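1. Below is the sequence, then the predicted model.
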Amino acid sequence: MADKDGVADIVKGIQADITTIVRGEIELAKAELMPQAKAAGMGAGMFGAAAYLAITASTLLFFTLAFLVAMAFGAAGMGVLPALVLGFAIVTVALLLIAGLLALVGKGKFAFKKPALTIGSAEQTVASVRSAMSSTTKEIAGRPLVERS
């Protein structure tokens, strides 16, 4: 009985040591990764601001293009308001056509295939486990029960 208590104490000690080591490693990883995470967050924020400014700049570029088209119609003798309407309409339709084309091409890129290798590997693993369980069950069923005293 004393021997079992000694083994139990050793196992408890090992569990405590492993817990302490794992907690220490987690704290070390946190301390090491926190500055990197903060820097990545700052980088993501700056990237977002750059994207916002790029979208705003492209909007202004499209307005400029629309005004240039309107000026061309105005120079051709069209009135100011009709020239503006036609210029903005042409640029809007052109942008919508480009957006539609990009959407159609992008839709074709979303065709996902089944992960055949992963599915095959998983099926083999399940078959192996079932086979091992079946053979172990048959082996255990063939053994006589041993009485404990």
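-> Yep, it's here.
2. drop to CA atoms for contacts and neighbour counts, all remaining ones
-> Will do.
3. lowest average confidence, helix or strand, in this structure?
-> Using mean pLDDT, DSSP states H and E, the weakest-scoring helix or strand in the chain turns out to be helix 116-142, at a mean of 80.
4. which parts of that one are buried?
-> Buried residues in helix 116-142, counted by 16 or more other CA atoms under 10 Å: none are found.
5. can you give me how far it is from the chain middle?
-> On the basis of CA atoms, centre = their mean, to the nearest Å, helix 116-142 sits 32 Å off its chain's mean C-alpha point.
6. and after the lengthiest helix in the chain, which helix or strand comes next?
-> Counting residues, the longest helix in the chain under DSSP state H turns out to be helix 2-75. Per DSSP states H and E, the first helix or strand lying C-terminal to helix 2-75 is helix 80-108.
7. what angle sits between that following helix and helix 2-75?
-> 150 degrees (axes from the mean of the first three to the mean of the last three CA atoms, to 10 degrees).
8. So which elements touch the longest helix of the chain?
-> Applying 3 or more CA pairs under 8 Å, 6 or more residues apart in numbering; DSSP states H and E, we find helix 2-75 packed against helix 80-108.
9. Report the distance from the helix it packs on to the chain centre.
-> With CA atoms, centre = their mean, you get 32 Å for helix 80-108.
10. Can you give me the buried ones in that helix?
-> Using 16+ other CA under 10 Å as the test for burial, helix 80-108 gives 83-84, 86-88, 90-91.
11. what's the closest of those residues to Ile55?
-> Ranked by distance to Ile55 (CA to CA), the buried residues of helix 80-108 are led by Val91 at 16.4 Å.
12. quick one: that closest one and Leu65 touch, right?
-> Yes. Contact criterion CA atoms under 8 Å: Val91 and Leu65 qualify, at 7.3 Å.
13. Quick one: the buried residues of helix 80-108 as TSV, columns for distance to Gly120 and pLDDT too.
-> Output for those, formatted as TSV (distance: CA to CA, whole Å; pLDDT from 0 to 100):
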residue	distance to Gly120	pLDDT
Ala83	64	94
Leu84	62	94
Leu86	59	95
Gly87	58	94
Phe88	56	95
Ile90	54	96
Val91	52	95
